[in-house]
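>>> here is my input; please provide its structure:
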Amino acid sequence: MINHTMIVSFDQPLPDTELDQYLADIERAMLESGLVQSFAARRHLPVPGEEAIPALIATAIVQVALADTEALAEAFASPALHEVIGRWQSRHSYRVAWANHEVLA
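As a prediction, this is how the structure comes out:
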């Protein structure tokens, strides 16, 4: 099994309802691929002063578990996922950093 962990960073703060919808849209598109074994997403928990650090600071963390790297590649080739990403990028600019890794625990 492989985990794909994404750090999603919106350029501007989003209302909670918008962030909830973004995460729900990503989850739906990933699960519809039929390749995802599990999906989890959580909001970043900010700490005072972090905005002064020159780094990519998360808005949310998303973790997707898949069987292997082939399943990961196939899931990310999904037209539904590309539609969700394109729609959200056109409304709210954001960046994503990610890591593919084995289970951490």
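>>> Val8 sits in which helix or strand?
Take DSSP states H and E as the rule and Val8 turns out to sit in strand 2-10.
>>> hey, where'd the helices end up in this protein?
Shown for the chain, the helices assigned by DSSP state H span residues 16-32, 69-76, 79-91.
>>> hmm, back to that, what's the angle between the strand holding Val8 and helix 16-32?
Inter-element angle recorded for strand 2-10 and helix 16-32: 150 degrees (by axes from the mean of the first three to the mean of the last three C-alpha atoms, to 10 degrees).
>>> to Ser9, which of the helices of the chain lies closest?
Among the helices of the chain, the nearest to Ser9 by C-beta to C-beta is helix 16-32 (11.8 Å). All C-beta spots, glycine's among them, are computed from the backbone N, C-alpha and C.
>>> any idea how far the closest one is from the middle of the chain?
Centroid separation for helix 16-32 versus its chain: 9 Å, with C-alpha atoms, centre = their mean, to the nearest Å.
>>> OK, contacts around Gln12?
Contacts for Gln12 were tallied using C-beta atoms under 8 Å, 6 or more residues apart in numbering; they are 92-93.
>>> if we go to 7 Å?
Under the criterion of C-beta atoms under 7 Å, 6 or more residues apart in numbering, the neighbours of Gln12 are His92.
>>> tell me the spacing between it and Thr59.
Using C-beta to C-beta, to the nearest Å, one gets 10 Å for the distance from Gln12 to Thr59.
>>> could you do Ala97 as well?
From Ala97 over to Thr59 (counting by C-beta to C-beta), the distance is 12 Å.
>>> alright, that wraps it up for me.
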